[in-house]
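A.B. asks: Give me the fold of what follows.
(4 chains)
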2 protein chains.
Amino acid sequence: MTRSRTRTDTLSDTAPLFMALGDPTRLQIVGRLCREGPLSVAQLTASCPVTRQAVSKHLRVLADAGLAQGRRKGREQVWQIQPQRLDEARRHLDCISTQWDAALRRLQSLVEKNETIADSTQSYIKCNFV
Amino acid sequence: MTRSRTRTDTLSDTAPLFMALGDPTRLQIVGRLCREGPLSVAQLTASCPVTRQAVSKHLRVLADAGLAQGRRKGREQVWQIQPQRLDEARRHLDCISTQWDAALRRLQSLVEKNETIADSTQSYIKCNFV
DNA sequence: TAAAAAGGCAACTACCTGGTTGCCTGTCAG
DNA sequence: CTGACAGGCAACCAGGTAGTTGCCTTTTTA
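C.D. replies: Numbering: from 1, shown residues only, chains lettered A, B, ... in the order given. You can find the predicted model right below:
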């Protein structure tokens, strides 16, 4: 119970992260903030084909996901990537990737003998997976 | 031009991947397929709180993203993770992560002196980023 | 001090998405 | 051969999302 609960928590924690990164405009914003450092809404809008308000909304989404943070600086709001959170996200991805890797290798060999997939499923579950 | 075009392509290539993984149900399905190997729609539905049709839709999304593949086996359709594509995706994530890493380190030091963010932005751009 | 710049707030639209139900087609087993 | 099982297809619905426009406040600057 505890283990599956943990798994669920990890899931509901990870999905929003992917969701926030699942928009091209947002991904582009994140990219720019990483490459060019802190930028204002106006600066970000300049290189975006969408309205300033649209960019603002995207920034809000990124902020809600903990990926970016904005702070007032005079009449403009400067946005920057949230390093801790982004690094945390990166480690999350690495963790998942690693988790996948094991299954990948096992599946790879399975793919080669396509015709026996369903037949081998049962023993597969019992022998090779938790 | 060529470089920014490449960047755009990478973006429009990556975003759908994140998008496909940005749903908790879908992430759960991917997890199960990785852990337990090829499964039928009915088997996947059994551990999902949603309808069989909902699961089918999610599988279609995963298939469109190239992450999963289904094949008929008698009267049931067995789904499995697309190893090559998933590995490709993993490398994609690693690539992005690495790209972020550099910015992370640079930003990390910037965060510590919060009050001078905007002041240092200009030289920051010129000196430390492409 | 008045105009311009930066951006927040709210309303509204169009579309996408996750989910459902109902019905239909194959396939397997008694 | 008939019933049960697996699943696809289509219609439909509620809610979310990306985007817009319009108006407002605050800050800068000429």
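
A.B. asks: Please give the element, helix or strand, for the residue most central in space within chain A.
C.D. replies: Nearest to the mean C-alpha position of chain A, counting by Cα atoms, centre = their mean, stands A:Phe18 at 3.2 Å. Element membership for A:Phe18, per DSSP states H and E: helix A:2-21.

A.B. asks: For the residue nearest to the centre of chain A, list the residues it contacts.
C.D. replies: Going by Cβ atoms under 8 Å, 6 or more residues apart in numbering or on different chains, A:Phe18 touches B:Phe18, B:Met19, B:Leu21, B:Gly22, B:Leu27. Every C-beta, even on glycine, is put in place using the N, C-alpha and C of the backbone.

A.B. asks: What residues of stretch A:76-93 count as buried?
C.D. replies: A:Val78, A:Trp79, A:Gln80, A:Ile81, A:Gln82, A:Pro83, A:Arg85, A:Leu86, A:Asp87, A:Ala89, A:Arg90, A:Leu93 (16 or more other Cβ atoms under 10 Å in any protein chain shown).

A.B. asks: The fifth one contacts A:Gly70, correct?
C.D. replies: No. At 10.3 Å, A:Gln82 and A:Gly70 do not qualify as touching, with contact defined as Cβ atoms under 8 Å.

A.B. asks: Any idea which residue of chain A lies closest to DNA strand D?
C.D. replies: Distances between chain A and DNA strand D by Cβ to the nearest atom of the strand are smallest at A:Gly74, namely 2.4 Å.

A.B. asks: Just give me the neighbour total for that residue.
C.D. replies: 8 (other Cβ atoms under 10 Å in any protein chain shown).

A.B. asks: how about the residues of chain A near DNA strand D?
C.D. replies: A:Met19, A:Asp23, A:Thr25, A:Val50, A:Thr51, A:Gln53, A:Ala54, A:Lys57, A:His58, A:Val61, A:Gly74, A:Arg75 (Cβ under 7 Å from any atom of the strand).

A.B. asks: Okay then, goodbye and thanks.
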